[in-house]
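Peer 1: sequence and predicted model, in that order:
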Amino acid sequence: MKFKTLGHTDIRVSEICLGTMAWGSQNSQDEASQQLDYAVAQGVNFIDTAEMYPTTPRLAETTGLTETLLGNWLKNYADRDNLVVATKITGEGNKDIRDGARVTGAMIRQALEQSLQRLNTDHVDLYQLHWPNRGSYHFRKYWTFDATNLSPQDMDQEVADMLGEVQALQQEGKLRSFGLSNESAWGTMKFLQVADRHNLPRVVTTQNEYSLICRIFDLDMAELSALENVGLLAFSPLAAGGLSGKYVSGDIPAGSRRSMQAGLNGRYVAQSEQAIARYDEVARRHGLELAQMALAFCLSRPFMTSAIIGATSMDQLKTNIAAKDVVLSDDVLADIQAVYRDNPLPM
């Protein structure tokens, strides 16, 4: 297992991160614990969750259950300090949590302390803003995104308030580092500028979607990542299972994500289905599994800090973690680039 550093910190994380958003809905406590035991044994030290999980499906009555399942395992794990635990505060709009209020500094404290209780730990290593208060273009909102009604001055005050509370919580030992999610280049730079101006904590990562069929990070965000040392934590590197290969034949297995969300939250449409079929052809031509090729591609990107994998079965988990040993040849990368040129934004 290879390890990367979170931004300017001394926190080292495995290049594969164990995602948890199905725990509590598709996975039981025993299954979650089994996944954790196996992943840690394979060298994974990085676990990502959120206060709003599980999301398959997201229900008011199960909100927070994923953190609880992880916390039940952490309570009995002797080497907590060798793990990097990340969680997130839910942003504006989710009515099931704090009635969908905009995130403030005071709310960060309240939410973190509740997460710490569920997680059975005295600190989190990375705390993240799940999405911006102002909204974002992620989750296929780029087709309708409107950035013309934003006040940068209000944003400065809001960010200073949040980062001020993050600094206080760091001083109290309740969190070690802070990151963003579903952010843009401008939004990330605003956090960095306010931090530098007021000597407040700099964000260390951005957790955005990234996969063979979602590569918008390759442009402005990649430039920002390289120049400002803010790495990517890639969520949905297998496009919610779309790049696992399980749907290429046209079947929808019982219990799979597509059996609950036919379109995988906008990821599985006619254009992406065609692109996935072509990537599957590339994998087969080179004797690779599509899932492992897709993950290995993510791990090869220069801005990648860690790719967040999720699995509902142990077989899936083993396949995904084994991608750490897959090295893509120049020929494979050239074939991937050819498909990308023909399908730059297939969803």
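Peer 2: Ah, there it is.

Peer 1: mind listing the strands for the stretch 1-150 of the chain?
Peer 2: Per DSSP state E, counting those that start in this stretch, the stretch 1-150 of the chain carries strands over the ranges 3-5, 12-14, 16-19, 46-48, 84-89, 126-129.

Peer 1: from the chain's centroid, how far away is the third one?
Peer 2: Using C-alpha atoms, centre = their mean, to the nearest Å, the distance from the centre of strand 16-19 to the centre of the chain it belongs to is 9 Å.

Peer 1: give the rounded mean pLDDT of that strand.
Peer 2: For strand 16-19, the mean pLDDT works out to 98.

Peer 1: low-confidence ranges, this structure, go.
Peer 2: Residues of the chain meeting the criterion pLDDT under 70: 150-153.

Peer 1: how about a cut-off of 90?
Peer 2: In the predicted model of the chain, residues 56-58, 91-95, 134-155, 245-270 satisfy pLDDT under 90.

Peer 1: what residues are up against the residue positioned nearest the centre of it?
Peer 2: With distances taken as C-alpha atoms, centre = their mean, the chain has Phe235 as the residue nearest its mean C-alpha position (3.4 Å). Taking C-beta atoms under 8 Å, 6 or more residues apart in numbering as the criterion, Phe235 is in contact with 19, 181, 207-210, 308. Every C-beta, even on glycine, is put in place using the N, C-alpha and C of the backbone.

Peer 1: so which elements touch the helix or strand hosting Gln274?
Peer 2: Gln274 is part of helix 270-285 when elements are defined by DSSP states H and E. Packing contacts for helix 270-285, counted by 3 or more C-beta pairs under 8 Å, 6 or more residues apart in numbering; DSSP states H and E, involve helix 290-300, helix 330-342.

Peer 1: excluding sequence neighbours, find me the nearest residue to Glu67.
Peer 2: Once flanking residues are discounted, Glu67 sits nearest to Arg118: 3.9 Å by C-beta to C-beta, 6 or more residues apart in numbering.

Peer 1: so how far is Thr49 from the one you found?
Peer 2: 9 Å (C-beta to C-beta, to the nearest Å).

Peer 1: hmm, back to that, can I get the contacts of Phe235 in TSV including secondary structure and distance to Leu219?
Peer 2: Output for the contacts of Phe235, formatted as TSV (DSSP: H, G, I helix; E, B strand; the rest coil; distance: C-beta to C-beta, whole Å):
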residue	secondary structure	distance to Leu219
Gly19	strand	25
Ser181	strand	18
Gln207	strand	18
Asn208	strand	12
Glu209	strand	14
Tyr210	coil	12
Ile308	strand	21
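
Peer 1: most neighbours of all those, which one?
Peer 2: Gln207 (28 neighbours; other C-beta atoms under 10 Å).

Peer 1: these two touch, right, that one and Gly231?
Peer 2: No. Contact criterion C-beta atoms under 8 Å: Gln207 and Gly231 do not qualify, at 9.9 Å.

Peer 1: all helices of the stretch 151-300 of the chain, in order?
Peer 2: With helices called from DSSP state H, counting those that start in this stretch, the stretch 151-300 of the chain shows them at 152-171, 185-198, 220-228, 257-260, 270-285, 290-300.

Peer 1: just the residues contacting stretch 147-164, thanks.
Peer 2: Against stretch 147-164 from outside (C-beta under 8 Å, 6+ apart): 102-105, 108, 129, 133-134, 178, 190-191, 194-195, 198, 200-201.

Peer 1: one more time with 10 Å
Peer 2: Applying C-beta atoms under 10 Å, 6 or more residues apart in numbering, the contact partners of stretch 147-164 are 89, 102-108, 129, 132-137, 178, 184, 186-187, 190-195, 197-203.

Peer 1: repeat for stretch 166-174
Peer 2: 105, 108-109, 112-113, 115-116, 121-124, 127, 129, 175-178, 195, 198-201, 203.
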